[in-house]
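Novice: Build me a model from this:
(one chain, ligands or ions: 1)
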Amino acid sequence: MSGPRHRNQKQQPTKRVNEKQLRRERDLKDMQELAQQIADFDPKGVTSFGELPISKFTAIGLKKSHFTTMTDIQMASIPLALKGTDILGAAKTGSGKTLAFLVPLLETLYRNQWTQHDGLGALVISPTRELAIQIFDVLRKIGRAHSFSAGLVIGGKDVQVERDRISRLNILVCTPGRMLQHMDQAAGFEMGNLKLLVLDEADRILDMGFRKTIDAIIQHLPKNRQTLLFSATQTKSVADLARLSLSPSAAEYISAHEAASSSTPTNLQQYYVITPLPEKLDSLFGFLKTHLKAKILVFASSSKQVRFMFETFKTLHPGIPLMHLHGRQKQTARIEVTDRFAESRNACLFCTDIAARGLDFPSVEWVVQLDTPEDADTYIHRVGRTARFDSAGRALLFVTPSEEKGVQARLEAKKVPIEKITIKESKKRSIRADLQALCFKNPEIKYLAQKAFISYCKSIFIQKDKTVFKFAELPVEEFAESLGLPGAPNIKFLSSQKSKLLKNASKQNFSDSHNEDASEDEVKSNAKDTVRTKYDRMFERQNQNVLSQHYLNMVNDENATARNVVEDDDDGFMSVKRRDHELSDSSASEDETGQGESDRRSVPALAIDGAHASRRQAKAALSKKAMLKYKSNPTKLLFDDDGNPHAIYEFKDEEDFRKHGEAEEQKAEFIIRAEQRMREVDVVDKAIAKEKRQEKKRKRRERELLTEEDNMSEEYDEDGSGGSDNDDLRISGGKRKKWFEEEGQAKRSHANVIKIAQPTSLDELEALSLSLLNK
Ligand SMILES: Nc1ncnc2c1ncn2[C@@H]1O[C@H](COP(=O)(O)OP(=O)(O)OP(=O)(O)O)[C@@H](O)[C@H]1O
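Specialist: Residues are numbered from 1 along each chain as shown. Modelled structure (predicted):
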């Protein structure tokens with residue numbers, strides 16, 4: 001028995017070595033054959049993945065993910081990329097660009113026999129975290145049969161944890177800011193072996209916002225790598241190619257749909273509707289009410305607008321599930337929203353352009369653009385969230401009358417077929433009064449409305465294309481009213497030099513932060529340890545002047561507004577001041593709710609100068625106590641039987657007074673009467689006070705008894721006789737300790753304990769407490 005076993009043990013390692021060697025030889029042969037097949041490969045007429053010269057591992061992944069026939073861009077780019085050519089790929093939205101770069105990526109590493117010890121072999125850069133996650137998911141699916149290690153570097157996680165992980169990975173999918181952070185901070189983060197670089201949504205990654213970050217990343221990468229650039233709206237800039245060390249003569253420019261009559265998917269129907277700015281929200285609400293069963297994406301130009309729409313529409317209940325997505329949300333919330341929307345059948349997602357590129361939500365029926373996109377490319381990316389691959393979709397763009405001509409021209413130039421429609425009068429629904437009521441009731445909503453107003457105005461002002469975006473023509477007052485605001489916050493521009501400085505400063509911050517999704521106007525608090533309320537956070541924001549102005553209006557006098565012109569750091573080049581409203585005296589009563597503009601003459605000015613105001617001052621303005629010192633002493637009135645008010649010590653007519661006798665006597669009589677009345681009232685007051693004391697005592701005892709009971713149950717749980725996380729079990733367990741003793745027990749233990757039945761209702765408990773107190 002032992003002999004053969006010994007022989008086996010001796011033979012096994014040799015056998016294993018032989019097997020390994022054989023496998024390696026086989027793999028090498030496969031790879032050589034594959035390289036030959038690629039060299040000989042003629043892509044003409046090839047339409048399926050099965051015909052491509054790719055490894056069996058990638059073929060398995062594609063088959064298991066149900067990808068069989070290639071799309072146009074895949075057919076055009078994969079064969080070339082397999083041969084090692086640099087690619088600049090452009091194809092319509094939803095046409096399958098992700099596979100067009102992931103298949104060559106896997107194959108490059110495979111043919112280079114990449115192992116864990118070779119370090120990073122391929123890097124995919126995406127402009128947003130959401131898109132990076134999505135690319136990573138597709139990579140996991142089609143790369144399932146390979147043995148490469150892959151990871152996501154998108155921020156939102158502990159840098160150290162991420163750093164430890166990425167040094168062992170072969171493929172990284174990342175956002176630019178976080179990637180650079182790792183490259184800069186991690187000594188020995190080896191990129192020298194990198195074989196392939198992919199830029200998805202390349203035009204966005206190469207544009208101004210990411211310029212510095214990308215240039216810095218590229219510096220870390222070896223020059224002799226392969227580079228693949230993909231987008232629906234591609235860059236052809238030679239300067240951009242030079243930045244990536246690509247030579248225009250060597251790189252292949254592939255435009256899968258250049259000859260097509262439109263640059264958007266053919267199964268996408270596109271409409272625009274002329275809507276004055278103050279009517280946009282009404283129209284959108286009407287639209288949602290009539291599309292309750294649809295899956296809708298609504299794009300707005302800023303996160304503030306998105307939040308305002310979400311918070312208000314949620315209260316107005318259009319009848320469709322609402323979600324929101326923007327860069328100021330925490331990473332977990334962003335992932336949760338994208339997943340939830342992807343799974344939804346009917347829902348409306350309010351979002352910023354964070355969702356404009358690349359995201360592949362299944363079955364989106366409508367893309368609504370509430371705010372005009374900054375350019376035609378952004379329009380194309382936004383509408384591309386519907387009608388993906390071979391499904392149908394519809395898109396609706398709201399255009400203000402002043403934007404119509406410019407928008408039409410821009411879209412026509414980009415070959416976007418769009419049709420003008422009008423909204424049926426019967427489908428319009430005004431929500432202005434509802435929004436005003438919401439702003440009136442809820443200061444946070446009013447604050448959001450002010451922020452939404454400012455960010456919209458800002459977005460129009462900073463647009464480059466002045467033929468479309470005409471700031472001077474904005475109907476600001478009506479727009480503010482449409483958001484529910486009592487009036488438009490004033491917008492004041494800084495000198496061009498200062499605004500330039502601020503702009504540059506913010507850009508600097510942007511690139512320094514290495515966080516492309518960083519919130520645009522939140523000030524990071526230094527006070528890490530203190531507990532901060534939502535109001536604290538509201539005041540910490542740089543644009544707080546908008547809010548403090550709101551409170552200021554409650555207490556400020558007319559003159560103070562002159563001091564309220566403050567620079568608005570948040571918006572870079574604008575300053576905001578609250579407008580003085582001419583108000584009738586009746587509005588003074590509204591001040592206490594914070595909604596009306598005050599009759600400021602009655603109250604001395606509390607100088608709260610917008611952003612310069614300290615939080616304490618602003619809070620003081622809120623405090624009722626602070627207000628009290630500006631009020632005169634209260635006057636108590638007595639009402640006679642006819643309902644006429646009289647002061648307590650009312651002056652009488654002198655003659656009338658003398659008729660009743662000598663002044664001194666009258667005074668003495670009055671004092672006696674008053675003392676008598678005081679004594680009587682005192683008796684009543686004392687009785688009331690006693691009653692209150694007893695009531696207080698009774699309630700305190702009641703609370704103590706309940707606490708005692710709770711403690712008992714806890715003890716019970718700790719004893720292990722009851723499951724603390726299973727209330728049902730504990731209750732039906734029946735073995736619970738009680739805070740009172742039962743009849744038999746009392747007799748046995750303490751002779752002087754009163755016999756009490758366990759109270760079953762609050763009344764019984766109250767009676768029991770009273771009886772205990774009276775004892
Ligand atoms: N060959 C294929 N066969 C079937 N479905 C495919 C194929 N290629 C891609 N798809 C599907 O088409 C959809 C769009 O693909 P993908 O997200 O890659 O498009 P895209 O061109 O990158 O879009 P965008 O420009 O918006 O980023 C996805 O749901 C994907 O699964």
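Novice: Show residues contacting the helix or strand residue 75 falls within.
Specialist: Counting by DSSP states H and E, the element that carries residue 75 is helix 72-82. Helix 72-82 is contacted from outside by 38, 41, 43, 46-47, 52-54, 70, 87, 89, 91, 95-97, 99-101, 103-104, 107, 226, 228, 230, 252, 254, 256-257, using C-beta atoms under 8 Å, 6 or more residues apart in numbering. The way it works is simple: take the backbone N, C-alpha and C, and place the C-beta from them, glycine included.
Novice: Can you list which of the residues you listed are found in helices?
Specialist: Counting by DSSP state H, the part of the contacts of helix 72-82 found in helices is 38, 97, 99, 100, 101, 103, 104, 107.
Novice: buried subset of those?
Specialist: 38, 97, 99, 100, 101, 103, 104, 107 (16 or more other C-beta atoms under 10 Å).
Novice: In this structure the first one contacts residue 83, no?
Specialist: So that's residue 38. Yes: at 5.9 Å, residue 38 and residue 83 qualify as touching, with contact defined as C-beta atoms under 8 Å.
Novice: you'd agree residue 62 is up against residue 51?
Specialist: No: using C-beta under 8 Å, residue 62 is not in contact with residue 51, being 11.9 Å away.
Novice: between those two, who's got more neighbours?
Specialist: Shown here are residue 62 and residue 51; by other C-beta atoms under 10 Å, residue 62 has more neighbours (25 against 13).
Novice: List the contacts of the more buried one.
Specialist: By C-beta under 8 Å, 6+ apart, the contact set of residue 62 is 49, 68, 99, 103, 142.
Novice: neighbours of the first one, just the number please.
Specialist: Which is residue 49. Count around residue 49 with other C-beta under 10 Å applied: 21.
Novice: Over to the last one?
Specialist: Other residues lying near residue 142 total 25 when counted by other C-beta under 10 Å.
Novice: That one and residue 98: what is the separation?
Specialist: According to C-beta to C-beta, to the nearest Å, residue 142 stands 9 Å off from residue 98.
Novice: I'd assumed residue 368 was in a strand, is it?
Specialist: Yes: when DSSP: H, G, I helix; E, B strand; the rest coil is applied, residue 368 is found to be in a strand.
Novice: For residue 28, give its distance to residue 22.
Specialist: The value you get for residue 28 to residue 22, if C-beta to C-beta is used, is 11 Å.
Novice: returning to what we had before: quick one: mean pLDDT for the helix holding residue 75?
Specialist: For helix 72-82, the per-residue pLDDT values average out at 95.
Novice: hmm, back to that, out of the ones in helices among the contacts of helix 72-82, the closest to the ligand would be?
Specialist: residue 97 (3.5 Å; C-beta to the nearest ligand atom).
Novice: on that earlier part again, of the contacts of residue 62, which are in range of the ligand?
Specialist: residue 99 (C-beta under 6 Å from any ligand atom).
Novice: residues from the chain in reach of the ligand?
Specialist: So the chain meets the ligand at 67, 69-71, 74, 91, 93-99, 232, 358, 360, 384, 388-389 (C-beta under 6 Å from any ligand atom).
Novice: Separate out the buried members of these.
Specialist: Neighbour counting by 16+ other C-beta under 10 Å classes 67, 70-71, 74, 91, 93-99, 232, 358, 360, 384, 388 among the residues of the chain next to the ligand as buried.
Novice: coming back round to it: among the buried ones among the ones in helices among the contacts of helix 72-82, which two are most distant?
Specialist: Greatest spatial distance in those: 38 and 97, 21.2 Å, computed using C-beta to C-beta.
Novice: pretty sure residue 222 is touching residue 196, no?
Specialist: No: Residue 222 lies out of contact with residue 196 (C-beta under 8 Å); the separation is 10.9 Å.
Novice: These two: which is more packed in?
Specialist: Applying other C-beta under 10 Å to residue 222 and residue 196 shows that residue 196 carries more neighbours, namely 23 against 12.
Novice: what sits against that one?
Specialist: Residue 196 makes contact with 104, 105, 108, 109, 121, 122, 123, 225, 226, 227, 228, according to C-beta under 8 Å, 6+ apart.
Novice: cool, residue 176 as well?
Specialist: When contacts are counted by C-beta under 8 Å, 6+ apart, residue 176 touches 125, 127, 205, 210, 213, 214, 217, 516.
Novice: Give me the three-state assignment for residue 281.
Specialist: Classified using three-state DSSP, residue 281 is helix.
Novice: gap between it and residue 349?
Specialist: When distance is defined by C-beta to C-beta, residue 281 is 17 Å away from residue 349.
Novice: try residue 478
Specialist: Going from residue 478 to residue 349 by C-beta to C-beta gives 28 Å.
Novice: Could I get the full set of helices for the stretch 251-400 of the chain?
Specialist: Assigned by DSSP state H, counting those that start in this stretch, the stretch 251-400 of the chain shows helices spanning 280-289, 303-316, 331-343, 376-383.
Novice: Now tabulate these in JSON lines and tack on mean neighbour count and distance to residue 684.
Specialist: Shown next, in JSON lines, are the helices of the stretch 251-400 of the chain (neighbours: other C-beta atoms under 10 Å; distance: least, C-beta to C-beta, whole Å):
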{"stretch": "helix 280-289", "mean neighbour count": "22", "distance to residue 684": "58"}
{"stretch": "helix 303-316", "mean neighbour count": "22", "distance to residue 684": "48"}
{"stretch": "helix 331-343", "mean neighbour count": "16", "distance to residue 684": "59"}
{"stretch": "helix 376-383", "mean neighbour count": "24", "distance to residue 684": "73"}
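Novice: Next, format those helices as a markdown table and append mean pLDDT and distance to residue 408.
Specialist: Putting those into a markdown table (pLDDT from 0 to 100; distance: least, C-beta to C-beta, whole Å) gives the following:
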| stretch | mean pLDDT | distance to residue 408 |
| --- | --- | --- |
| helix 280-289 | 95 | 18 |
| helix 303-316 | 96 | 24 |
| helix 331-343 | 94 | 31 |
| helix 376-383 | 95 | 11 |
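Novice: who's in contact with the nearest residue to residue 394 once chain neighbours are set aside?
Specialist: Spatial nearest neighbour of residue 394, chain neighbours left out: residue 269 (4.7 Å); criterion: C-beta to C-beta, 6 or more residues apart in numbering. Residues counted as contacts of residue 269 (C-beta under 8 Å, 6+ apart) are 392, 393, 394, 395, 419.
Novice: Of these, just say which sits nearest to the ligand.
Specialist: residue 393 (11.9 Å).
Novice: you'd agree the closest one is up against residue 365?
Specialist: Yes: with contact defined as C-beta under 8 Å, residue 393 counts as touching residue 365 (6.3 Å).
Novice: between these two, who's got more neighbours?
Specialist: Remark: of residue 393 and residue 365, residue 393 carries more neighbours, 23 against 17, as counted by other C-beta under 10 Å.
Novice: ok so residue 686 is a helix residue?
Specialist: Yes: assessed by three-state DSSP, residue 686 belongs to a helix.
Novice: and it, how far is that from residue 373?
Specialist: Separation of residue 686 from residue 373 (C-beta to C-beta): 75 Å.
Novice: ditto for residue 387
Specialist: The gap separating residue 387 from residue 373 is 17 Å, by C-beta to C-beta.
Novice: Which one of the contacts of residue 196 is nearest to residue 185?
Specialist: For the contacts of residue 196, the nearest to residue 185 is residue 123 (16.8 Å; C-beta to C-beta).
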